[in-house]
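> give me a 3D structure for the following:
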Amino acid sequence: CIEVLLELANHRGNVFSERLRQAAAFALANFASNASNAHMLGKGGAVPPLIALAYTSEPNACALAIAALRRMAENPGVRRLMVELDVLLPLGEAGRAEEVATQRETAATLCNLSLNDENKVAIATSSALAPLVGLAQSSDLEVARQAVGAMANLAEDPSTHGPLRIVGGGAFLTGLVYHD
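Below is the predicted model:
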């Protein structure tokens, strides 16, 4: 069953294919909501097709793909693998999305990934850092909370301080002033 979903998530072509990809992403995101399933998906090859799906121009499919990645990133055993498979590239792009659902999933995924000490410098030196600073200043409380959490996790490693300073990392604190 999972193999079929992964194949559908990878399929490209016409409008019908795009709908299949969205349905597959939805199913994978739901399946990944169980911790043991998320671990199995992460170790079983689901990360590359979900990364590919996160690049889609369809906002709903992108948000669903990142939701599945977020759930997999809740598992400490999968976090490093995800970064090694270049999940930070689509997260950097998704961090610039206008859709709040995509912003929420992106910030939460980066927050989960930043819990891994080996990922902190990778995130701080990636294309995802500047959008993360922007997300930390969001007017949406959940987006800002997750992004600030990720920034705090990154700041635990002194090696990240330079990149954080370059992208105006202190500015993310101003986003907190506007929240109750």
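> distance from stretch 140-160 to the middle of the chain?
Offset of stretch 140-160 from its chain centre (Cα atoms, centre = their mean, to the nearest Å): 13 Å.
> try stretch 35-46
16 Å.
> same deal with stretch 136-153?
13 Å.
> then stretch 114-123?
With Cα atoms, centre = their mean, you get 13 Å for stretch 114-123.
> what does stretch 84-93 give?
8 Å.
> what does that stretch rub up against?
47-48, 51, 54-55, 66, 69, 106, 109-110, 113, 122-123, 126-131 (Cβ atoms under 8 Å, 6 or more residues apart in numbering). Where you see a C-beta, it was placed from the backbone N, CA and C, and this is true even at glycine.
> pull the longest helix from this protein.
helix 15-31 (DSSP state H).
> list the buried residues of the helix or strand just after that one.
Once the chain leaves helix 15-31, the next helix or strand it forms, by DSSP states H and E, is helix 35-43. Buried residues in helix 35-43, counted by 16 or more other Cβ atoms under 10 Å: 37-42.
> in these, find the pair that's most separated.
37 and 42 (9.5 Å; Cβ to Cβ).
> then the longest helix of the chain to PDB, C-alphas only?
Output of helix 15-31 as PDB, limited to C-alpha atoms (Å, rounded to 0.1, in the frame of the first residue of the first chain):
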ATOM      1  CA  VAL A  15      -4.200  17.400 -14.100                       C
ATOM      2  CA  PHE A  16      -5.500  13.900 -13.200                       C
ATOM      3  CA  SER A  17      -1.900  13.000 -12.100                       C
ATOM      4  CA  GLU A  18      -1.700  16.100 -10.000                       C
ATOM      5  CA  ARG A  19      -4.900  15.100  -8.200                       C
ATOM      6  CA  LEU A  20      -3.500  11.700  -7.600                       C
ATOM      7  CA  ARG A  21      -0.300  13.200  -6.200                       C
ATOM      8  CA  GLN A  22      -2.400  15.400  -3.800                       C
ATOM      9  CA  ALA A  23      -4.500  12.400  -2.700                       C
ATOM     10  CA  ALA A  24      -1.300  10.400  -2.100                       C
ATOM     11  CA  ALA A  25       0.200  13.300  -0.100                       C
ATOM     12  CA  PHE A  26      -2.900  13.500   2.000                       C
ATOM     13  CA  ALA A  27      -2.800   9.700   2.700                       C
ATOM     14  CA  LEU A  28       0.900   9.800   3.500                       C
ATOM     15  CA  ALA A  29       0.400  12.800   5.900                       C
ATOM     16  CA  ASN A  30      -2.400  10.900   7.700                       C
ATOM     17  CA  PHE A  31      -0.400   7.700   7.800                       C
END
